[in-house]
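Trainee: no FASTA, just this:
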């Protein structure tokens with residue numbers, strides 16, 4: 001279970017603004033006030049992240065944001081009630097969220113909140129979740145686009161994936 005301390009910005013009967021806090025005690029460490037942290041949230045364009053279905057096939061329910069300097073590293077966000085960094089939520093019980101929005105051009109983009117990750121970036125290559133072109137082959141099998149991914153330890157073995165037009169992903173048929 002995660003800990004959620006929240007606040008409401010309210011106006012009293014005299015028209016004066018005030019903040020009312022929830023009853024949960026703060027467990028966060030106070031930080032030095034930096035005005036730039038209260039500026040507009042950073043946004044990522046559609047080419048800076050990937051949307052995926054979850055294991056049940058629900059579209060656009062997982063997001064991966066890769067590091068711009070090292071494309072092997074990044075963070076994975078899963079949708080519960082919002083998109084949360086799965087590692088921060090699981091390990092540190094802290095919500096690091098992104099918001100999937102549509103910009104003025106009708107393109108999907110992400111709005112990042114200003115909270116710092118408490119987890120380390122995942123190495124998707126070492127986890128076997130990123131495979132480079134020398135480790136797979138593509139083909140067409142009975143009008144279906146396929147991928148044959150070589151086994152990491154025995155290159156004579158492979159996993160076969162076929163493309164699903166509805167989900168817009170390749171799924172294992174092995």
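Mentor: Nice, thanks for sending it over. Keep in mind that this is a model prediction, so the values were computed, not measured.

Trainee: use CA for all of it now, contacts and neighbours both
Mentor: Will do.

Trainee: and the residue most central in space within the chain, what does it touch?
Mentor: By Cα atoms, centre = their mean, the chain has its centre lying nearest to residue 77, at 2.6 Å. Residues near residue 77 by Cα atoms under 8 Å, 6 or more residues apart in numbering: 62-64, 83-86, 97-98.

Trainee: and the helices in the protein?
Mentor: 86-87 (DSSP state H).

Trainee: any low-confidence regions in the chain?
Mentor: 1-4, 35-39, 141-142 (pLDDT under 70).

Trainee: can you give me the separation between the residue sitting furthest away from the middle of it and residue 20?
Mentor: Distance from the C-alpha centroid of the chain, by Cα atoms, centre = their mean, peaks at residue 14 (43.4 Å). Distance, residue 14 to residue 20, by Cα to Cα, to the nearest Å: 16 Å.

Trainee: same question for residue 13.
Mentor: For residue 13, the distance to residue 20 (Cα to Cα) stands at 14 Å.

Trainee: comparing those two, which residue is more hemmed in?
Mentor: Higher neighbour count among residue 13 and residue 20: residue 20, with 10 against 7, using other Cα atoms under 10 Å.
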